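Asks: 3D, please:
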Amino acid sequence: MSSESAEIALILAGTERVAAVPSSSQAPHSNTTDLATQVDQTLPPGTDPDPELILSMEPDLVLNTARHGGEETAGQQLEQAGVPVVNIDPSAFSTPETVADTVTLVGETLGEEEKAAEVTTVFLAEISQLDQTREETDQRFLALMARGDSVMAMDDSLMLPGLITRAHGMNAGDAIGLTQTRPIDAELIATVNPDIIFLEDFQGQGEEPFAEILDNPALADVPAVANDRI
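Replies: Numbering: from 1, shown residues only. Model prediction:
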C-alpha cells in the first residue's frame, strides 16, 4: 500500500509474488521502476486506500505504512475482513538502521530471510564506510520539502536532514526552534540564513515546487542562494 514497502517486497520476493503496487512505484523516479512496471495491478494515488479495491485483488498479505489516517483506517478494515496486515510505522524509514530493520521484518514475513540478510549486510556496510569518511564542518543547512502549495522545513527526525546531521552538518532550523516539520516562508529562511539548502525531489517534481520561494528577493543575500548551493 506504500511505495517504500512495495520496493522492499519487490527486491526481496520478486514481481510474481506482488499482487499490486502503488501507481507511484511505477513512475520513473522510483527506485524499482523496472520491477514495479512488471506488476499488472496498481493502487491509485492518494492517502485513502480503498479496502474494497484491495480485497478484490485477493491478497494473502498487505504491507501498509500507516503514515496517514486513511492508511491506518484501511489497514484496520482489511484486518477486520480477515486479511493479514503488516502495519509499518513511518519512523521505520527515518534512519539507515531502521530501514535495515524494516527490510529484515519484511523478509521474515515473506519467508525471504536470506535475501533480506544479504541486502541489509551490504547496505549497512556501505553506511558504515560513509560514517568513517565524514569530516567536521561548520556548514549550516536547511532541508525543504513541498506538498501541495506548502513548502516546509524538515526537522532532524526525517531521513534527509537526519543523514545531513549525521554527516556533521548543522540544521539552521534550530535558530527558529525547528522541532517538527512545518511550513516556512522566505522571511524565515532569511532569518536562519543557511549555507546550503537541500530540496527533496518529491515524485520527480524537481525544483519547480520551490521556485517561487527561492526566487524571492529577500533571499538574494542568503549564502545558499547567493553562492548557488541548493
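
Asks: Quick one: residues in contact with stretch 206-217.
Replies: Stretch 206-217 is contacted from outside by 144, 146, 151, 185-186, 189, 197, 199, 202, 219, 225, 230, using Cβ atoms under 8 Å, 6 or more residues apart in numbering. C-betas here are computed from N, CA, C, even on glycine.

Asks: Just the buried ones among the residues you listed, please.
Replies: Listed as buried from the contacts of stretch 206-217 are 144, 146, 151, 186, 189, 197, 199, 219, 225; burial here means 16 or more other Cβ atoms under 10 Å.

Asks: Looking at these, point me to the pair that's furthest apart.
Replies: 146 and 225 (16.8 Å; Cβ to Cβ).

Asks: residue ranges of the strands in the chain, please?
Replies: Taking DSSP state E, the strands of the chain run over residues 20-22, 41-43, 62-65, 85-88, 140-147, 150-153, 170-171, 182-183, 196-199.

Asks: buried set for the third one?
Replies: Along strand 62-65, these residues count as buried under the neighbour rule (16+ other Cβ under 10 Å): 62-65.

Asks: and the chain, what are its domains?
Replies: Under the assignment automatic domain parsing, the domains of the chain span 3-130, 140-226.

Asks: Tabulate the ones you listed (TSV), appending mean pLDDT.
Replies: Converted to TSV, the domains of the chain look like this (pLDDT from 0 to 100):
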stretch	mean pLDDT
domain 3-130	93
domain 140-226	93
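
Asks: and stretch 125-132, which residues are buried?
Replies: Going by neighbour count (16+ other Cβ under 10 Å), the buried part of stretch 125-132 is residue 127.

Asks: Which residues does that stretch contact?
Replies: 96, 166-167.
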